[in-house]
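Participant: what's the 3D shape of this:
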Amino acid sequence: MKLNLLVIRTKEPQLLAEQYKMLGLSFDYHKHGNGPFHFASEVDGFVFEIYPLTKSMDKADGSLRMGFEVDNLHDVLDDIKDSDWKITQEIKETEWGLVAVIQDLDGRKIELKNR
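Facilitator: Residues are numbered from 1 along each chain as shown. Predicted structure coming up:
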């Protein structure tokens, strides 16, 4: 099995897409059929999409935790220090390598691992 799609929802899709661009993702803005416009990024067969909240949702689910490998963790953290990202755990050596944890605008925690 291989994960090939992850969809997150937010009240502010444009702002969240800008935030994730700082991690190295690039997005297309489009829609499928009668669905809503959304942002989509594809990397090595994995599609990451940012959709607006549905009408029945009051707020985004901030409990989701994700992990991304990045080419240079030190550079990525330096680039986001003065942005809307919240750094919840500075870089530390773990059994999986160098790891830091950040939080997006909706409260999702993102584990960044040095590639």
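Participant: model confidence over the longest strand anywhere in the chain, on average?
Facilitator: Assignment by DSSP state E gives strand 86-94 as the longest strand of the chain. Averaging pLDDT along strand 86-94 yields 97.
Participant: do the same with stretch 15-23
Facilitator: The average pLDDT within stretch 15-23 is 97.
Participant: equivalent analysis for stretch 45-55, please.
Facilitator: Across stretch 45-55, pLDDT averages out at 97.
Participant: and what of stretch 60-74?
Facilitator: Mean predicted confidence for stretch 60-74 is 95.
Participant: now that stretch: buried residues?
Facilitator: 60, 68, 70, 73 (16 or more other C-beta atoms under 10 Å). In this view, the C-beta of every residue, glycine as well, is placed from N, C-alpha and C.
Participant: out of those, list just those in strands.
Facilitator: The strands, defined by DSSP E, take in 68, 70 from the buried residues of stretch 60-74.
Participant: specify the beta-bridge partners of residue 87.
Facilitator: For residue 87, the beta-bridge partners under DSSP bridges are residue 102.
Participant: ok, and for the longest strand of the chain, which residues are buried?
Facilitator: Neighbour-count burial for strand 86-94 flags residue 91 (criterion: 16+ other C-beta under 10 Å).
Participant: which helices and strands does it pack with?
Facilitator: Packing partners of strand 86-94 (3 or more C-beta pairs under 8 Å, 6 or more residues apart in numbering; DSSP states H and E): helix 73-80, strand 97-103.
Participant: ok, now with 6 Å
Facilitator: If contacts are counted by 3 or more C-beta pairs under 6 Å, 6 or more residues apart in numbering; DSSP states H and E, strand 86-94 sits against strand 97-103.
Participant: what residues does the strand it packs on touch?
Facilitator: With contacts defined as C-beta atoms under 6 Å, 6 or more residues apart in numbering, strand 97-103 is touched by 73, 77, 85-89, 91, 109-114.
Participant: ok, 7 Å please
Facilitator: Taking contacts as C-beta atoms under 7 Å, 6 or more residues apart in numbering, the residues outside strand 97-103 that touch it are 73, 77, 80, 85-92, 109-114.
Participant: cool, thanks, talk later.
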